[in-house]
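Engineer: A predicted structure for the sequence below; I have some questions about it.
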Amino acid sequence: METKKRVLGQEHPDTLTSVNNLASKFCKQGRLQEAEELLVQVMETRKRVLGQEHPDTLTSMANLASTYRNQGR
C-alpha cells in the first residue's frame, strides 16, 4: 500500500481501494477504531475527488456506516 501511495499518489483510485481493503481487514480483526480512521480518510478523499454521488464514494459511506454499527453507534 505504501508503494501505491508513493507511485500513484494518495488520491489515486487504486490507492484508495488498497486503504479500504486494509480497513476491511482491520474490521474482521476487531480493530474497529483503526478501521474507522482509514474509512473516514477514504470516504472524504473519494467525496472530494470523485463526488458525493459516485458509486465508490457511496460504497465508502456504507462501509463506514457498517463499522459504526459494529461499534454500537
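Structural biologist: Received the coordinates, thanks.

Engineer: can we go C-alpha only for contacts and neighbour counts from here?
Structural biologist: Noted.

Engineer: helices and strands of this structure: which one bottoms out on pLDDT?
Structural biologist: helix 2-8 (a mean of 71; mean pLDDT, DSSP states H and E).

Engineer: need the next SSE after that helix, C-terminal direction.
Structural biologist: Later in the chain than helix 2-8, the nearest helix or strand by DSSP states H and E is helix 13-28.

Engineer: Tell me how far that following helix lies from the chain's centre.
Structural biologist: In this view, helix 13-28 has its centroid 6 Å away from the chain centroid, taken as Cα atoms, centre = their mean, to the nearest Å.

Engineer: Tell me who's in contact with Q71.
Structural biologist: L32 (Cα atoms under 8 Å, 6 or more residues apart in numbering).

Engineer: Recalculate using a threshold of 10 Å.
Structural biologist: G30, L32, Q33, E36, A65 (Cα atoms under 10 Å, 6 or more residues apart in numbering).

Engineer: ok, now T59?
Structural biologist: Counting by Cα under 10 Å, 6+ apart, T59 makes contact with M43, R46, E53, A65.

Engineer: What of M43?
Structural biologist: 16, 20, 49, 52, 56-64.

Engineer: from the residues you listed, which would you call buried?
Structural biologist: L16, N20, D56, T57, L58, S60, M61, N63, L64 (16 or more other Cα atoms under 10 Å).

Engineer: can you tell me which of these lies nearest to R73?
Structural biologist: Relative to R73, the closest of these is L64; by Cα to Cα it sits at 11.1 Å.

Engineer: No more questions from me, cheers.
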